[in-house]
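when you get a sec, could you give me coordinates for this:
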Amino acid sequence: MSRSVLVTGGNRGIGLAIAQAFADAGDKVAITYRSGEPPKELVAQGVLAVRCDITDPEQVEQAYKEIESTHGNVEVLIANAGITRDQLLMRMTEEDFSVVLDTNLTGTFRVVKRANRGMLRAKKGRVVLISSAVGLLGAPGQANYAASKAGLVGFARSLARELGSRNITFNVVAPGLVDTDMARQLSDEQRTAIVTNVPLARLAQPEEIAAAVRFLASDDASYITGAVIPVDGGLGMGH
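Coordinates of the predicted model:
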């Protein structure tokens, strides 16, 4: 059956691959994006693209109203939108820290809380949060990013306990370094250093993250909640 699916930050990278996977499966897909233009290939497939900065509660509310009027209540939410502001601790400003937390963690709170209105009425729902292997391992220069991504685990597990009886599942996917524009901004030396620590000795492809997300949103995963699924080539095993 075609479901109403929302992917935040679905205009590029991992979010784009996730949105594409659900659209290819015949779901009614909406994406949010903060800047630029929505991907033409998704729009051509009928994907609803809504401009929304998830740090602004009013924009979040307006985005949901637009999505609900077109696709109905969101049944599957993929909270993917996120940013980085990497800096060593002694050089990291309070703004560097707070902006990343407000987008990656508090922004996720906003979109999840709003989606739960419809999910509670329907007594069913699937929520998948996109974290990071860095949230489990830590990384120099990414204290803000790692804190925000680690926070998603506690957030999801608390809600898994709070809302499990309503047939709403909350799970987390923790990718390693993925072959996206963000990874391509790294130098060859930086990428080599990361891949050296990955047992599978390569970067992930966005479609591999999307496959894990689609599984967690499927009927096959109906008894999985509060899980953290690493898709990192073995980088974070044991954490």
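
just give me the longest strand of this protein.
Criterion DSSP state E: the longest strand present in the chain is strand 168-175.

hmm, who's touching the top helix by length along the chain?
Using DSSP state H, we find that the single longest helix of the chain is helix 143-163. Applying Cβ atoms under 8 Å, 6 or more residues apart in numbering, the contact partners of helix 143-163 are 79, 82, 84-87, 89, 92, 96-97, 100-101, 103-105, 108-109, 112, 116, 119-120, 127, 129, 131-132, 134-139, 168-172, 174, 225-226, 228. (Each C-beta comes from the backbone N, C-alpha and C, glycine too.)

those residues in strands, which ones?
Among these, the members found in strands (DSSP E) are 79, 127, 129, 168-172, 174, 228.

could you export those residues as TSV, including neighbour count and distance to residue 187?
Shown next, in TSV, are those (neighbours: other Cβ atoms under 10 Å; distance: Cβ to Cβ, whole Å):
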residue	neighbour count	distance to residue 187
79	29	30
127	27	36
129	27	30
168	22	43
169	24	39
170	28	37
171	23	34
172	27	30
174	27	24
228	18	30
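
now compare those and name the two farthest from each other.
Spatial extent of the ones in strands among the contacts of helix 143-163 (Cβ to Cβ) is set by the pair 168 and 174 at 20.6 Å.

now do the closest residue to residue 108 other than its chain neighbours, the pLDDT please.
Leaving aside its chain neighbours, residue 108 sits nearest to residue 79 (4.5 Å; criterion: Cβ to Cβ, 6 or more residues apart in numbering). With respect to pLDDT, residue 79 has a value of 98.

any idea which helix or strand comes after the helix or strand of the chain with the lowest mean pLDDT?
Across the helices and strands of the chain, mean confidence by mean pLDDT, DSSP states H and E is lowest for helix 181-184: a mean of 79. Next helix or strand after helix 181-184 toward the C-terminus (DSSP states H and E): helix 188-196.

got the buried residues for that following helix?
For helix 188-196, burial by neighbour count (16 or more other Cβ atoms under 10 Å) applies to 191, 194-195.

and it, how far from the chain's centre?
Put simply, helix 188-196 sits 24 Å off its chain's centre (Cα atoms, centre = their mean, to the nearest Å).
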